[in-house]
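Trainee: pasting the sequence and the predicted model now:
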Amino acid sequence: MAAVLPLGILVAVLLLLVAGVMGHLPVTLTLERAIPASHKVELSQLIARDRVRHGRLLQSAAGVVDFSVEGTYDPFVVGLYYTKVQLGSPPREFHVQIDTGSDVLWVSCSSCNGCPGTSGLQIQLNFFDPSSSSTASLVRCSDQRCSLGLNSADSGCSSESNQCSYTFQYGDGSGTSGYYVADFLHLDTILQGSLTTNSTAQIMFGCSTMQTGDLTKSDRAVDGIFGFGQQAMSVISQLSSQGLTPRVFSHCLKGDSNGGGILVLGEIVEPNIVYSPLVPSQPHYNLNLQSISVNGQTLPIDQSAFSTSSNKGTIVDTGTTLAYLTEAAYDPLINAITSSVSQSVRPVLTKGNQCFLITSSTAIFPQISFNFAGGASLILNAQEYLIQQNSVGGTAVWCIGIQKIQGQTILGDLVLKDKIFVYDLAGQRIGWSNYDCSMSVNVSTTSNTGRSEFVNAGQLSDNSSRRNVPQKLIPKCIIAFLLHICMLGSYLFL
């Protein structure tokens, strides 16, 4: 009988705790100040301490950083994919284009010259104001982080203002310039499949004060560009150098009219992924394209067209809408496609583009294979290289979306969509596989313990339902824990 009494008391106490949690009974907890009221602490000290804690939160989470994806490859609808980032304190949201062809994250800033104020994408454009963020600081020329971008031409210095600055010119002739700011990037981190935590990390990003060319137009305007390149100034490099995220990221861009997709800092795990090594010492994601096949037949293309020397080779660039082939490879490809369908469709030239009048399905078009080093092939079916232009007398006009270019071959969204792409910077390789990007994916990330965790990230791009998950899980976890103790106690006193 003496042994039963402690068990009864234990159960009673535990049941009281459960009732308090589930029934919202008043529970009083005593809180004590970590810093005595008499002890004055500078605001800068508090901010510094919070920064350390925020970094610790992200490191201890060992989860997968997930970004939402909006937009579509279709040049007649949007012609770009973009995501949202939150910067500063308090956090402010910005829509930025996903661009694996550049390195730096930059957003439009207050007093910007040429920055659009409205967007045809039906999104609210914002401007970052460093003076409105309590945690923002300007990056000086003497800052070691500024020197990281000197070799890649991602940063420069103004001797007059002592500010770390930048000037970028893009392939379409547009450009931007501004200065660098250090501030918090707010991240959604996925744990255990659906549980998410909000974390922050301090990064350096560009504050645009001038934009030119297409960046000034409002029809497809966004707040900036999110460079996912491999140089030191990219966000992926900054986060991995701090030990916060792995040196790998993945995307799966939906190719339907609704667009969207998946973008995670981690490795999407899919058994059918094939990998090709990156060409070393190149500024972009440059792959060694070795041949092109149409319906299994290798095209007679001079090997000089596949040279990987400076300003040549094949780059993977989500910031490009279509795809571009060097002339030596382009003409044989177009001729092979046209020859294979000439008996079923009527070839026509529209503004210099090879098009076809089609009364039946595009399934009659051949399969194209871009064959890369390492035995990896990028397979393109008709819907992955054709674009419907319009119709003539009820007959559909489809055009080859692959264009001719001088210099580098560029694989843009047209051929990247509806595929998983993994950018393994640590392993210096890129992998891909055909995939339905509306489905969920498994993502692997290596934690500080060296263990791999697998999470379901594909269906979590909608941030609206995330915040309530932890609160719903807490009562169930407590009940399970308390019941476990009760059962253990009953065994001990039998």
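Mentor: Great, that's in hand. Owing to the predicted nature of the structure, the values given are computational and were not obtained by experimental measurement.

Trainee: ok, and for stretch 143-160, which residues are buried?
Mentor: Buried positions in stretch 143-160, judged by neighbour count with 16 or more other C-beta atoms under 10 Å: 143, 145-146, 148-149, 152, 154-157. Glycine gets a C-beta too; all of them are placed from N, C-alpha and C.

Trainee: tell me the one of those nearest Ser137?
Mentor: Asp143 (9.4 Å; C-beta to C-beta).

Trainee: I'd guessed that closest one sits against Cys164; true?
Mentor: Yes. Using C-beta atoms under 8 Å, Asp143 makes contact with Cys164 at a distance of 6.2 Å.

Trainee: returning to that earlier point: of all the buried residues of stretch 143-160, which comes closest to Ala329?
Mentor: Ser152 (28.0 Å).

Trainee: kindly state the pLDDT recorded for Tyr94?
Mentor: In this structure residue 94 is Phe, not Tyr. Looking at Phe94, its pLDDT reads 97.

Trainee: now, the buried residues of stretch 143-160 that are in strands?
Mentor: 156-157 (DSSP state E).

Trainee: for Ser158, give me its contacts.
Mentor: Ser158 makes contacts with 141, 165, 179, as judged by C-beta atoms under 8 Å, 6 or more residues apart in numbering.

Trainee: who wins for neighbours among those?
Mentor: Neighbour counts for those peak at Tyr179, which has 21 neighbours (criterion: other C-beta atoms under 10 Å).

Trainee: quick one: it is in a strand?
Mentor: Yes. Counting by DSSP: H, G, I helix; E, B strand; the rest coil, Tyr179 is found in a strand.

Trainee: could you list the low-pLDDT ranges of this structure?
Mentor: The chain contains residues with pLDDT under 70 at 1-63, 192-197, 446-494.

Trainee: can you pull out the helices in it?
Mentor: Counting by DSSP state H, one finds helices in the chain at the ranges 4-23, 43-61, 144-147, 235-241, 327-341, 413-416, 469-492.

Trainee: Gln242 contacts Met204, correct?
Mentor: No. Taking contacts as C-beta under 8 Å, Gln242 lies outside contact range of Met204: 11.5 Å.

Trainee: who has more neighbours out of these two?
Mentor: Set Gln242 next to Met204 and count neighbours by other C-beta under 10 Å: Met204 wins out with 23 against 14.

Trainee: could the contacts of Ser158 go into TSV alongside distance to Phe370?
Mentor: Putting the contacts of Ser158 into TSV (distance: C-beta to C-beta, whole Å) gives the following:
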residue	distance to Phe370
Cys141	43
Ser165	38
Tyr179	40
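
Trainee: which one of the residues you listed is nearest Asn371?
Mentor: Distances from Asn371 to these, taken by C-beta to C-beta, are shortest for Ser165, at 42.3 Å.

Trainee: enumerate every residue touching that closest one.
Mentor: Contacts of Ser165 by C-beta under 8 Å, 6+ apart are 155-158, 177-180.

Trainee: in CSV: these, plus distance to Ser133.
Mentor: Listed next are those as CSV, based on distance: C-beta to C-beta, whole Å:
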residue, distance to Ser133
Ser155, 21
Gly156, 24
Cys157, 23
Ser158, 22
Ser177, 21
Gly178, 16
Tyr179, 15
Tyr180, 14
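
Trainee: from what I can see Ile123 touches Arg220, true?
Mentor: No. Judged on C-beta under 8 Å, Ile123 makes no contact with Arg220 at a distance of 10.3 Å.

Trainee: all strands of the stretch 101-250 of the chain, in order?
Mentor: Using DSSP state E, counting those that start in this stretch, the strands found in the stretch 101-250 of the chain span residues 105-113, 137-138, 156-158, 163-169, 175-191, 195-212, 224-227, 248-253.

Trainee: looking at those, which is buried most?
Mentor: strand 224-227 (a mean of 28; mean count of other C-beta atoms under 10 Å).

Trainee: correct me, but Leu287 touches Lys312?
Mentor: No. Counting by C-beta under 8 Å, Leu287 does not reach Lys312; the two are 11.9 Å apart.

Trainee: who has more neighbours, these two?
Mentor: Leu287 (26 against 17).

Trainee: can you tell me the centre-most residue of this structure?
Mentor: Leu263 (4.1 Å; C-alpha atoms, centre = their mean).

Trainee: mind listing what's buried in stretch 360-375?
Mentor: 362, 365-366, 368-374.

Trainee: scratch that, stretch 420-437 is what I was asking about
Mentor: For stretch 420-437, by 16+ other C-beta under 10 Å, it's 420-425, 429-433, 435, 437.

Trainee: quick one: end-to-end distance for it.
Mentor: 8 Å (C-alpha to C-alpha, to the nearest Å).

Trainee: tell me the one of the contacts of Ser165 nearest Thr100?
Mentor: Among these, and counting by C-beta to C-beta, the member closest to Thr100 is Ser155, at 19.6 Å.

Trainee: residues contacting the closest one?
Mentor: 146-149, 164-166, 180, 233.

Trainee: same thing with Ser257?
Mentor: Counted by C-beta under 8 Å, 6+ apart, Ser257 has contacts 72, 74, 77.

Trainee: among those, name the buried ones.
Mentor: 72, 74.

Trainee: for Thr83, state which of the contacts of Ser257 is nearest.
Mentor: Thr72 (13.4 Å).

Trainee: tell me the spacing between the closest one and His284.
Mentor: Look at Thr72 and His284: by C-beta to C-beta, to the nearest Å, they are 23 Å apart.

Trainee: what does Thr245 give?
Mentor: 21 Å.

Trainee: of those two, who's got more company?
Mentor: Neighbour totals were compared for Thr245 and His284, and Thr245 leads with 27 against 21 (other C-beta under 10 Å).

Trainee: which residues touch the more buried one?
Mentor: 58, 65, 236, 239, 265-266, 445.
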